[in-house]
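Enquirer: Next come a sequence and a model predicted from it.
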Amino acid sequence: MSLALYLVAAGSLDATSPGDLVVLDGPEGRHAVTVRRTQRGERLRLADGAGRVVTGEVESVDRAELSLRVDAVEADPEPSPRFVLVQALAKGDRDDQAIEAATELGVDEVVPWQAGRSIVQWRGERGDKAWRKWDAVLVAATKQSRRTRRPHLAPVVTTAGLASRIAAGGTAYVLHEDAGVRLAAQDLPSDGEVLLVVGPEGGISPDELEAFRVAGAHTVRLGDTVLRSSSAGPAALAVLSAAARWR
């Protein structure tokens, strides 16, 4: 079984070397001690969410923190190309399910999209709260899947903003049930970013499809079945990972 992994602040492990003693405190330390019941002598990993990870043995445990004697330090390079999931806002917890599974499947960035047919609207404090909830989902899924890099969560974008990002470069695939070509048949680039655009429950409107096409996106489908907004993105990421990373 893989070792438990806890996230610490970005940059906090930059100067850490084998033999150093690192303190895990705050919410992560309390979780390790009070929830996971971590004991002296156990081995675990700490990651800064940006690719740097240390492994070691727990030397001491206090009421809400522990000390780890480091015996290994690793630097996990950023994958290339980067996988970016553009997830349309959806009702219920479907978008939460999508980004949780996407994190487990290796997504590098998540972009919330306020699509024309999205029932949910992110505005004002409610929008800020929803964004923070997405961020918490990404953090939890990062730890659960033992990832050393946590996905970046971008600000919410409009359709116009998304079209501008597509036009700025990279490779973009818009998932659509009426597309004539399959995602699995595409030749992936070796660098840059690959955007996967997933629409809301009501689908992507013809105007949005045209805007993305003009910006340079490719319209593709996964298979012969129609997937929910909660499963389309993770399924597409599995296709990309199988082609580029799971070899």
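Expert: Sure, I can see it. Quantities reported herein were computed from a predicted structural model and do not represent experimental measurements. Numbering: from 1, shown residues only.
Enquirer: Straight-line length of stretch 64-80, end to end?
Expert: The straight-line separation of the ends of stretch 64-80 (Cα to Cα, to the nearest Å) is 38 Å.
Enquirer: For this protein, which segments count as helices?
Expert: For the chain, the helices defined by DSSP state H cover 26-30, 94-104, 124-144, 159-167, 206-215, 229-244.
Enquirer: Out of these, which gets nearest to E74?
Expert: helix 124-144 (16.0 Å; Cβ to Cβ). C-beta: built from backbone N, CA, C; applies to glycine.
Enquirer: buried stuff in the closest one?
Expert: Of all the residues in helix 124-144, those buried under the rule 16 or more other Cβ atoms under 10 Å are 127, 130-131, 134-135, 137-139, 141-143.
Enquirer: from these, which is closest to T38?
Expert: Nearest member of the buried residues of helix 124-144 to T38, counting by Cβ to Cβ, is K143, at 13.7 Å.
Enquirer: Quick one: residues contacting the closest one.
Expert: 5-7 (Cβ atoms under 8 Å, 6 or more residues apart in numbering).
Enquirer: Reformat those residues as CSV; add neighbour count and pLDDT.
Expert: Output for the contacts of K143, formatted as CSV (neighbours: other Cβ atoms under 10 Å; pLDDT from 0 to 100):
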residue, neighbour count, pLDDT
L5, 19, 92
Y6, 20, 93
L7, 20, 91
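Enquirer: close enough to count as contact, A167 and G216?
Expert: Yes: in this structure, A167 is within contact of G216 by Cβ atoms under 8 Å, at 5.9 Å.
Enquirer: mind checking pLDDT for M1?
Expert: pLDDT for M1: 68.
Enquirer: One more: the one 10 residues further on?
Expert: Reading off the per-residue confidence, G11 sits at a pLDDT of 88.
Enquirer: how about the strands of this structure, start to end?
Expert: For the chain, applying DSSP state E gives strands covering 5-7, 21-24, 43-47, 52-61, 66-75, 82-88, 109-113, 152-153, 171-175, 193-198, 218-220.
Enquirer: Adjacent strands (with direction) for the first one?
Expert: As defined by DSSP bridges, the strand partners of strand 5-7 come to strand 43-47 (parallel).
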